[in-house]
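**Q** no sequence for this one, just the structure:
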Ligand code: NAD
């Protein structure tokens, strides 16, 4: 008998318990060798005052099993509650979110019968770091962090995934025409790592036209790799155009851990009615079976699921009298899949996941870090101030420390001094750019002290560096 693999299971909120019961029923009937540990997450835990929706004792199970099959949860709005999904992804280092988006034509209505794409989304960085501050009465900031190792890992994952799954093309999407440094780095890493995968076709899209193309011509894509926020948005667009959000499964993987779930949420509007489609979670569980090396069971379950769909046995969300033969609830759908275990679909192409190692994708190590020469050449000092740019420049001039020049004043990223445009709206958030040559940090500190003495309240300092002589900062619009 196959040794049982320990996994952690959370039944979640809303339709979560119903779709999890159906999924586990199918998995055990198919002979999955699972040793299930249950944990509680979500609404009930939040209501006990635990702000991230998961108790300390649950981490212990997750760290032991390293495999998490998770139902959706209801995230409380506002009130300082943290997203459980973001917490778990970060705590377990789940850097890649993989979302296959497939059309099930002609059994599920879609405008794109040939659509079969996979979104590989970076899961830990970007604006999802949630580093936000209110710096003045009028201005808040949200910091976008993109790292070279983070970009390298996700881009490599996308190429390795493509190779391992017989995919032909990887498309990178970002917005480096605007975010030249952050998205520019992501794009540059894609081009650099892509050279190691000459067998895979490669292309790049600016995210806005890329998203439009997914909505209008999704069949043109194969594997898409992108940053966290863009990936979140395009995967909802992509799964929606396949026909139903109830059909999307997803996995979040890192070097040690894997979390498997449906794309959709807890659907409180249909909770307790026994009508939810368990397919999203089941497709997530199939990804899990492959991850833990129980590929033959994954093959058996997936083929039985395809057969059920093509036999027209459909839950309400995809039921269409013209295409379906029977409208069923969650339990009867699971029963229909179980009855078909061992059968193959006649119209869909049957899947065969082979034997599998249970080791997941192994990525080559990160490229060695080449140390660059970093020099301090200035500082952007941000002020909370109200008034006219020329008056501000006049107040700053007498405070200048030896070795520093006031280069530019910008407001919300637009140059307003010298020679600003009179029509530019100025908020209470000002950026003073001071430049010098090979500075010591104490010079910046002296400048801060002088500004403070002159009654100019700074809210933040951003040091400006060159790396091997290349500027590590952008210029203001209009500069
Ligand atoms: P949702 O995905 O729960 O529901 C959107 C619509 O799709 C609803 O009409 C719902 O009935 C339908 N639907 C969703 N899954 C279905 C299924 N399996 N079968 C049939 N119909 C289905 O999105 P929402 O209403 O925006 O969010 C509800 C809650 O879920 C919120 O608290 C949200 O924060 C949470 N959420 C959780 C996760 C997660 O835990 N991974 C993901 C997304 C949303």
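**A** Good, I have the coordinates. Since this is a predicted model, take the numbers as computed values, not measurements.
**Q** enumerate every residue touching whichever residue of the stretch 301-450 of the chain sits closest to the ligand.
**A** Closest contact between the stretch 301-450 of the chain and the ligand, by CB to the nearest ligand atom, is at residue 317 (3.8 Å). Every residue, glycine included, has its C-beta placed from N, CA and C. With contact taken as CB atoms under 8 Å, 6 or more residues apart in numbering, residue 317 is in contact with 244, 245, 246, 276, 277.
**Q** separation between residue 142 and the ligand?
**A** Here the criterion is CB to the nearest ligand atom, to the nearest Å. By it, residue 142 lies 20 Å from the ligand.
**Q** what number of residues lie near that residue?
**A** By other CB atoms under 10 Å, the residues close to residue 142 number 11.
**Q** leaving out sequence neighbours, find the closest residue to it.
**A** residue 132 (4.7 Å; CB to CB, 6 or more residues apart in numbering).
**Q** ok so residue 45 is a helix residue?
**A** Yes: Residue 45 forms part of a helix when assessed by DSSP: H, G, I helix; E, B strand; the rest coil.
**Q** tell me how far it lies from residue 7.
**A** Distance from residue 45 to residue 7, counting by CB to CB, to the nearest Å: 20 Å.
**Q** so which bits of the chain are right by the ligand?
**A** 15, 72-75, 85, 245-246, 261, 264-270, 276-277, 280, 317 (CB under 6 Å from any ligand atom).
**Q** residue 229 and residue 126 touch, don't they?
**A** Yes: when contacts are counted by CB atoms under 8 Å, residue 229 is listed as touching residue 126 (5.3 Å).
**Q** so for these two, which residue has more residues nearby?
**A** residue 126 (23 against 17).
**Q** who's in contact with the closest residue to the more buried one other than its chain neighbours?
**A** With sequence-adjacent residues excluded and distances taken as CB to CB, 6+ apart, residue 126 is closest to residue 228, at 3.6 Å. Applying CB under 8 Å, 6+ apart to residue 228 gives the contacts 121, 122, 123, 124, 125, 126, 127, 128.
**Q** for the second one, name its beta-bridge partners.
**A** Applying DSSP bridges to residue 122 yields these beta-bridge partners: residue 96.
**Q** and residue 389, how many neighbours?
**A** A total of 20 residues lie near residue 389 under the criterion other CB under 10 Å.
**Q** again, but for the one 5 residues further on
**A** By other CB under 10 Å, 11 other residues sit near residue 394.
**Q** so who does it touch?
**A** Applying CB under 8 Å, 6+ apart, no residues contact residue 394.
**Q** residue numbering should commence at 308 henceforth.
**A** Sure, I'll start counting at 308 from here, so that last one is residue 701.
**Q** helix or strand right after the helix or strand harbouring the residue nearest to residue 449?
**A** Taking DSSP states H and E as the definition, residue 439 sits inside strand 433-441. Per DSSP H and E, strand 433-441 leads on to strand 447-452 as the next helix or strand towards the C-terminus.
**Q** could you check how far the closest residue to residue 571 other than its chain neighbours is from residue 587?
**A** Computed as CB to CB, 6+ apart, the closest residue to residue 571 that is not its neighbour in sequence is residue 552, at 4.6 Å. Between residue 552 and residue 587 the distance is 8 Å, computed by CB to CB.
**Q** shared neighbours, the two?
**A** 570, 571.
**Q** just the closest residue of the stretch 458-607 of the chain to the ligand, please.
**A** For the stretch 458-607 of the chain, CB to the nearest ligand atom, closest residue to the ligand: residue 572, 2.4 Å.
**Q** let me know the secondary structure of that residue.
**A** coil.
**Q** same deal with residue 319?
**A** Under three-state DSSP, residue 319 comes out as coil.
**Q** for it, which residues are in contact?
**A** By CB under 8 Å, 6+ apart, the neighbours of residue 319 are 327, 348, 349, 377, 378, 379, 380, 573.
**Q** okay, residue 552 and residue 587: which has more neighbours?
**A** Using other CB under 10 Å as the criterion, residue 552 and residue 587 rank with residue 587 on top: 24 against 17.
**Q** give me the element that one is part of.
**A** helix 586-598.
**Q** for that helix, packing partners?
**A** helix 323-336, strand 374-377, strand 556-560, strand 565-569, helix 602-617 (3 or more CB pairs under 8 Å, 6 or more residues apart in numbering; DSSP states H and E).
**Q** may I see the ones you listed arranged in CSV, with mean neighbour count, distance to residue 356 and mean pLDDT as well?
**A** Below are the helices and strands packed on helix 586-598 laid out as CSV (neighbours: other CB atoms under 10 Å; distance: least, CB to CB, whole Å; pLDDT from 0 to 100):
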stretch, mean neighbour count, distance to residue 356, mean pLDDT
helix 323-336, 22, 21, 98
strand 374-377, 24, 22, 97
strand 556-560, 24, 26, 93
strand 565-569, 27, 24, 95
helix 602-617, 23, 39, 96
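**Q** buried residues, stretch 734-748. List them.
**A** Within stretch 734-748, the residues scored as buried using 16 or more other CB atoms under 10 Å are 735, 736, 737, 738, 739, 740, 741, 743, 746.
**Q** ugh, wrong one, stretch 393-405
**A** Those would be 393, 395, 396, 397, 399, 401, 402, 403, 404, 405, for stretch 393-405 by 16+ other CB under 10 Å.
**Q** hang on, the fifth one packs against residue 566?
**A** Yes: using CB under 8 Å, residue 399 and residue 566 qualify as a contacting pair, with a distance of 6.9 Å.
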